[in-house]
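[1] Show me the folded form of this:
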Amino acid sequence: MQTKETKHIAYAVRPLIHKGTARLETARLVLRPFTPADAEPMYRNWATEEAVTRFLTWKPHASPEQTAWLAEKWAEQGTQPEFYQWAIELKALGEPIGSLTVVRRDELAAAAELGYCIGSHWWGQGLMTEAVRAVIGYLIREVGFHRVSACHDVENPASGRVMEKSGMVREGTLRAFLRNNRGVVDVTFYSVLAEEWNG
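    Sure, this is the predicted structure:
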């Protein structure tokens, strides 16, 4: 019996042109670099929430000082062209309600992986999808990434819906792939390639 051969494409990718955490704007959001002044709203809006960090790799912040130290660090790193860490500022509120980061990148493959979180008060409003779409568009069009991906704990399907609504395609589940605050967990990956992006 003959089996059908699967053809695998070898992609040609261009060198990345790093531009750092550029200011991006959507209908409801401003995505921008962090500043030290973001520490207080960060602590209040999401960094201390157990519901937010349940599926993440970092624990809720124990003190305002911890958040202040991190906001200061991110503000310093935000001047570097190869650092991508956005504060998600809600225009109607005038302060950040979450963050969106390139958590991993592969220069040779021109691939970036995103990680994100947002305060629970703003869940279910399409805000994270709005932010992720803006960042995907920037990373593909301006920086030159060929692949943008993200993954989620299989017990957190809401995050997968964000990825799908942002234009990513479900790739599959990797078993016992990541340790987060629940322990070692299975994760599902989504991605979009430059030629598929229609944002």
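
[2] Going by C-alpha atoms from here, please, whenever you check contacts or count neighbours.
    OK.

[3] all helices for the protein, in order.
    39-42, 50-53, 64-77, 127-138, 157-165 (DSSP state H).

[4] which of the ones you listed is buried the deepest?
    Most buried of the helices of the chain, by mean neighbour count (mean count of other C-alpha atoms under 10 Å): helix 127-138, with a mean of 21.

[5] other SSEs contacting that helix?
    strand 24-25, strand 29-32, helix 157-165 (3 or more C-alpha pairs under 8 Å, 6 or more residues apart in numbering; DSSP states H and E).

[6] Any chance of TSV for the ones you listed, columns distance to W58 and mean pLDDT?
    Shown next, in TSV, are the helices and strands packed on helix 127-138 (distance: least, C-alpha to C-alpha, whole Å; pLDDT from 0 to 100):
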stretch	distance to W58	mean pLDDT
strand 24-25	26	98
strand 29-32	22	98
helix 157-165	17	98
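
[7] Out of the helices of the chain, which is closest to T101?
    Nearest to T101, of all the helices of the chain, is helix 127-138, at 9.2 Å by C-alpha to C-alpha.

[8] what's the angle between that closest one and helix 157-165?
    Between helix 127-138 and helix 157-165, the angle formed by their directions is 40 degrees, by axes from the mean of the first three to the mean of the last three C-alpha atoms, to 10 degrees.

[9] Tabulate the helices and strands packed on helix 127-138 (CSV), appending distance to R44.
    Listed next are the helices and strands packed on helix 127-138 as CSV, based on distance: least, C-alpha to C-alpha, whole Å:
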stretch, distance to R44
strand 24-25, 23
strand 29-32, 18
helix 157-165, 22
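
[10] I'd like to know which of the helices of the chain is closest to P33.
    helix 64-77 (6.7 Å).

[11] Can you name the residues in contact with that closest one?
    33-40, 42-43, 47, 61, 83, 85 (C-alpha atoms under 8 Å, 6 or more residues apart in numbering).

[12] Going by neighbour count, which of the residues you listed comes out on top?
    Within these, neighbour counts (other C-alpha atoms under 10 Å) peak at A47, which reaches 28 neighbours.

[13] Please read off the pLDDT at that one from the model.
    pLDDT, A47: 98.

[14] same thing with Q80?
    pLDDT for Q80: 97.

[15] residues contacting the nearest residue to it once chain neighbours are set aside?
    Nearest in space to Q80, with sequence neighbours left out and distances taken as C-alpha to C-alpha, 6 or more residues apart in numbering, is G20 at 6.2 Å. Neighbour list for G20: 78-84 [criterion: C-alpha under 8 Å, 6+ apart].

[16] and with 7 Å instead?
    By C-alpha atoms under 7 Å, 6 or more residues apart in numbering, G20 lies in contact with 80-84.

[17] that older thread, now render the helices of the chain as TSV, adding distance to F189.
    Shown next, in TSV, are the helices of the chain (distance: least, C-alpha to C-alpha, whole Å):
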stretch	distance to F189
helix 39-42	27
helix 50-53	19
helix 64-77	26
helix 127-138	15
helix 157-165	8
